[in-house]
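Student: Build me a structure from this.
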Amino acid sequence: MATLIRKCKSRQEDPCTNNRCKHPWTVRYREPGGRSGRQREKSFPTQTAANNFKAQVEHDVRAHTYVDPDKGKITVRAYWEEWTGRRHVKDTTAYRNDKSFERHIVPAIGRRSLVGVTAADLERISATMKAGGLSVATFWSVGKPLRAMFRQAVTDKRIISSPFTGAVLPKLPNKAVDETELPTFEDVARIARGMKPEFSVGIWLMAGCGLRIGEAMAVRESDFRVVAGTRVLRVRRQVQKVKGTDGKLKTALCPLKHREEGEWRDVPVPSMVWDHVQWHAKRFGTRDDGTLFRTKAGDLVTPDWYREDWYKAVPRVGTGPTLASTAKWTPHDLRHYFASTCLLNGLPILSVSRWLGHGSITETADTYGHLTPDALDTAVSVLDGVLTAA
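Tutor: Here you go, the predicted structure:
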């Protein structure tokens, strides 16, 4: 499969006759593909190194793990563009990933070959971002897609292993929500009063139904209905920025996070939230398609636009000791408020996970699992009853 030779011995003119010459040893081998496989060779200064490489090549070919060394010479930036070009992700995700990649990865290793990137390079990128005042979460916002890219490079047999395998990188902080740092009902009500009147219903949709901000901006009056005597909201879409044909971002209605076009979820609607929705529709009307939120020009309201009004309203909520907490609140904390309220009052975590639209119940458990009531006492009662009866 592979042959070890010394070219100096086979020269037609003046072959080397010194058995202890310093000429290199060459391994000649054929890549996978039988006779159609390309023939390659590599030289080494010692016979031991050449024999080791020969054994490794033969093993890799037999195990179908052979990697063409030329394929790994592509630059990180070039492979990123190739890899992202064949992925199916939302435009906003692609835009965010590309922006972070250009800012943090390109200056460090963008021109480096794939095979030339080491674990130390990744550790240096992490340390540089930390020194610049960026959080661990910010590093992993670009680190996760970068890790996926190197994993794909291994699958594509461009590199033998990913540099992330041996890298010592900071771990993401605990995802568990600190319920003591969340706004209270009184805080939520004050925030709603501090928003522009035409935006206040969004506060109740997030705090009372657990919607993401983009989902709240996309709610239509026709999405509400009554099922078996209970009013529910069928969440179908979200407002997002997408890339237009000209390459620029534009506002559009998109599928839900973790869902495909046409998928939806039902969430319960408290009476108070429904009252606010009715008041809003009566006072301000809706867009032509029934969407509750609209600009003066009749366009969709973007999450960024809504956040601007949020950050004007929130500072007016806190006074004294609570002012520091209010400064950290974001619209997403209303979603945390919804989830924590449900779980602290004994609602099943599986139902809460479904209402939140999480990708899996693991995400819900990691974030809110500590809020579920302790079942130890109940477990002892149940087991005592069963075992005693048995």
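
Student: going forward, measure contacts between C-alpha atoms and count neighbours the same way
Tutor: Fine.

Student: tell me the contacts of the residue nearest to P331 when sequence neighbours are not counted?
Tutor: With sequence-adjacent residues excluded and distances taken as CA to CA, 6 or more residues apart in numbering, P331 is closest to I213, at 6.8 Å. Applying CA atoms under 8 Å, 6 or more residues apart in numbering to I213 gives the contacts G202, M206, P303, P331, H332.

Student: thought P163 was touching V117?
Tutor: Yes. If you go by CA atoms under 8 Å, P163 and V117 touch, sitting 6.6 Å apart.

Student: Please parse the chain into its domains.
Tutor: The record's domain parsing of the chain by automatic domain parsing lists 2-66, 72-155, 179-371.

Student: Weed out the non-buried ones from the contacts of I213.
Tutor: G202, M206, P303, P331 (16 or more other CA atoms under 10 Å).

Student: May I ask which helix or strand encompasses the second one?
Tutor: This points to M206. Assigned by DSSP states H and E, M206 belongs to helix 200-209.

Student: Span of stretch 248-265 from start to end?
Tutor: 30 Å (CA to CA, to the nearest Å).

Student: mean confidence for that stretch?
Tutor: For stretch 248-265, mean pLDDT is 87.

Student: picking that back up, could you export the buried ones among the contacts of I213 as JSON lines, including pLDDT and distance to A176?
Tutor: Putting the buried ones among the contacts of I213 into JSON lines (pLDDT from 0 to 100; distance: CA to CA, whole Å) gives the following:
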{"residue": "G202", "pLDDT": "97", "distance to A176": "25"}
{"residue": "M206", "pLDDT": "97", "distance to A176": "19"}
{"residue": "P303", "pLDDT": "93", "distance to A176": "24"}
{"residue": "P331", "pLDDT": "94", "distance to A176": "17"}
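
Student: which residue ranges form the helices in the stretch 251-390 of the chain?
Tutor: Using DSSP state H, counting those that start in this stretch, the helices of the stretch 251-390 of the chain run over 271-284, 303-313, 323-328, 332-344, 349-356, 361-368, 376-389.

Student: most tightly surrounded among those?
Tutor: helix 332-344 (a mean of 21; mean count of other CA atoms under 10 Å).

Student: what's next to that one, contact-wise?
Tutor: 177, 179, 182-184, 188, 203, 206-213, 349, 352, 356, 368, 371-373.

Student: Could you list the low-confidence segments of this protein?
Tutor: Low-confidence segments of the chain, defined by pLDDT under 70, are located at 1, 32-36, 60, 63-68, 316, 318-327, 375-377, 390.

Student: Output the longest helix belonging to it.
Tutor: As assigned by DSSP state H, the longest helix anywhere in the chain is helix 136-155.

Student: packing partners for it?
Tutor: helix 91-100, helix 119-131 (3 or more CA pairs under 8 Å, 6 or more residues apart in numbering; DSSP states H and E).

Student: Nearest to V277, out of those helices?
Tutor: The closest of those to V277 is helix 91-100. By CA to CA, the value is 28.6 Å.
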